[in-house]
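**Q** Starting from these lines, generate the structure:
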Amino acid sequence: MLDLPRLKRIRLMKRPIGQVFFANVVLTPNYNHLPGVDIEVRGLENIPDEPVIYAMNHTDRFNYFPFMYRLWKLEDRYMTVWVKGKYYEQPLVATFMELTSNLPTVSRGYIITKDFTLTMGRRPSEAEYDTLRTLVNREAAPDEDASTVDTSELPTKLFDTKRKILGVDFDPNECSYAVGINRVFDAMMREFVRLNERSFELGLDLLVFPQGTRSIRLPRGRIGMMEIAMRYQKTIVPVGCNGCDLVYTGSVPIAKEGTVVYRIGEPITYDDLSDFHIGEDFQPFTAEAEHTHRDKFQGAVDLVMDRINDLLEPQYQFSDDLQSTGVRGTSRFM
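**A** From the prediction side, this is the model:
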């Protein structure tokens, strides 16, 4: 599973051996020897020489594989990818993720769901999760809503059992459940930010799916990518992925016959985002930063999502309600 000790163990490499091995052993035979797998990358001239953040739509489990492969073959570039913490639930998959230099994202939703499952021996219902998430969010930003949260229907074991929550001590005699969950989130996010910094130091590109979850139609973007991009003043390159969901149709990373078209848009520099600049130092993913600067983060990611949308075929463009058409509920986290 994804916990604080695992985050601390991750070691990134300038030339990730796991990516090289996987590309040579799985992707090269698949793409080159299976007739009908056609990967088109248009707009390579738009990629600057320095490390960038690629912002791509996320239609299926593996739609970054062909893109990474082509960038490696054509430009000898390597990248790290933000992936969901739930992919670290299975030991074999977790090992693959580490060896290929993926960066596991942390969310309060994952921490709540995983801790509930470990403590209670079952997943929370949607109602239980919603109540717990509201409770945790209120503690993180207490001035947003002064009303109380009714926890009478929740298991008391969550609130009065001393335990480690994903590697961080929780003692109900010292702090509340909501404080404990937020402490875990803060500790894990500090490690996540450190890994992003290390990625930039090594000269690796970073690939992020700003929509946050898989969806055939593009939903509104989430602010996480912009917290890193604005803090480290990185150039963002929008990428539209078209057709990969028809090539990767299941949970096995073997492509079927079809065509995948990546359109690379013009880079968005830090200066291009001047309307959203934050004139002070801030720590990404803290409640303070997200509360104080959320409008700027959201405005910047909305601009990026508009650029991605322009690179997509109609069937992949914005959904009518800007909501995800993919996985919802606690299944997003485990």
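**Q** in stretch 36-45, what counts as buried?
**A** For stretch 36-45, the neighbour count (16 or more other C-beta atoms under 10 Å) marks 37, 39, 41, 43 as buried. Bear in mind the C-beta positions are built from the backbone N, C-alpha and C, glycine included.
**Q** which residues touch that stretch?
**A** 30-31, 66-67, 69-71, 74-75, 247, 255-265 (C-beta atoms under 8 Å, 6 or more residues apart in numbering).
**Q** Check these for burial and list the buried ones.
**A** 30-31, 66-67, 69-71, 247, 255, 258, 260-265.
**Q** Name the nearest of those residues relative to residue 81.
**A** residue 67 (9.8 Å; C-beta to C-beta).
**Q** So the residue lying closest to that closest one once chain neighbours are set aside, which state does it fall into?
**A** Closest residue in space to residue 67, ignoring its immediate chain neighbours: residue 262 at 5.4 Å, by C-beta to C-beta, 6 or more residues apart in numbering. Using DSSP: H, G, I helix; E, B strand; the rest coil, the structure places residue 262 in strand.
**Q** Tell me the helix or strand right after the strand or helix carrying residue 186.
**A** In this structure, residue 186 is located in helix 177-201 according to DSSP states H and E. With elements assigned by DSSP H and E, the helix or strand that comes after helix 177-201 is strand 205-208.
**Q** how big is the angle separating the following helix or strand past that next one from helix 177-201?
**A** Next in sequence after strand 205-208, counting helices and strands by DSSP H and E, comes helix 224-232. Here helix 224-232 runs at an angle of 60 degrees relative to helix 177-201 (axes from the mean of the first three to the mean of the last three C-alpha atoms, to 10 degrees).
**Q** can you list the weak-confidence ranges in the stretch 151-300 of the chain?
**A** Across the stretch 151-300 of the chain, nothing is flagged by pLDDT under 70.
**Q** just checking, the residue nearest to residue 67 touches residue 64?
**A** No - contact criterion C-beta atoms under 8 Å: residue 262 and residue 64 do not qualify, at 9.9 Å.
**Q** where's the residue of the chain positioned farthest from its centre, which helix or strand?
**A** Most distant from the centre of the chain: residue 173, at 33.8 Å, with distances by C-alpha atoms, centre = their mean. Using DSSP H and E, residue 173 maps to neither a helix nor a strand.
**Q** ranges for the strands of the stretch 201-334 of the chain?
**A** 205-208, 236-242, 258-264 (DSSP state E, counting those that start in this stretch).
**Q** Output those strands as TSV; include the columns distance to residue 286.
**A** What follows is the strands of the stretch 201-334 of the chain, written out as TSV (distance: least, C-beta to C-beta, whole Å):
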stretch	distance to residue 286
strand 205-208	19
strand 236-242	22
strand 258-264	32
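**Q** Return the residues in contact with the residue lying closest to residue 244 once chain neighbours are set aside.
**A** Leaving aside its chain neighbours, residue 244 sits nearest to residue 63 (3.8 Å; criterion: C-beta to C-beta, 6+ apart). Counting by C-beta under 8 Å, 6+ apart, residue 63 makes contact with 56, 57, 241, 244, 245, 248, 260.
**Q** Please list the members of these that lie in helices.
**A** 244, 245 (DSSP state H).
**Q** which one of the contacts of residue 63 is nearest residue 80?
**A** So of the contacts of residue 63, ranked by how close each gets to residue 80 (C-beta to C-beta), first place is residue 56, at 13.5 Å.
**Q** Can you give me every residue that contacts the closest one?
**A** Neighbouring residues of residue 56 by C-beta under 8 Å, 6+ apart: 63, 64, 67, 207, 208, 209, 238, 239, 240, 241, 308.
**Q** Apply 6 Å and report the result again.
**A** By C-beta atoms under 6 Å, 6 or more residues apart in numbering, the residues touching residue 56 are 209, 239, 241.
**Q** between the residues you listed, which has the most around it?
**A** When neighbours are counted by other C-beta atoms under 10 Å, residue 209 leads the contacts of residue 56 with 27 neighbours.
**Q** returning to what we had before: and the strands of the stretch 201-334 of the chain: which comes nearest residue 279?
**A** Judging those by C-beta to C-beta, what sits closest to residue 279 is strand 236-242, at 19.9 Å.
**Q** Would you mind getting the angle between that closest one and strand 258-264?
**A** 160 degrees.
**Q** Now strand 236-242 - C-alpha only, CSV.
**A** C-alpha atoms of strand 236-242 as CSV (Å, rounded to 0.1, in the frame of the first residue of the first chain):
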residue,chain,number,x,y,z
ILE,A,236,3.5,23.4,-19.1
VAL,A,237,3.1,21.6,-22.4
PRO,A,238,-0.5,20.6,-23.2
VAL,A,239,-1.0,17.3,-24.9
GLY,A,240,-4.2,15.9,-26.3
CYS,A,241,-4.4,12.1,-26.5
ASN,A,242,-6.9,10.7,-29.0
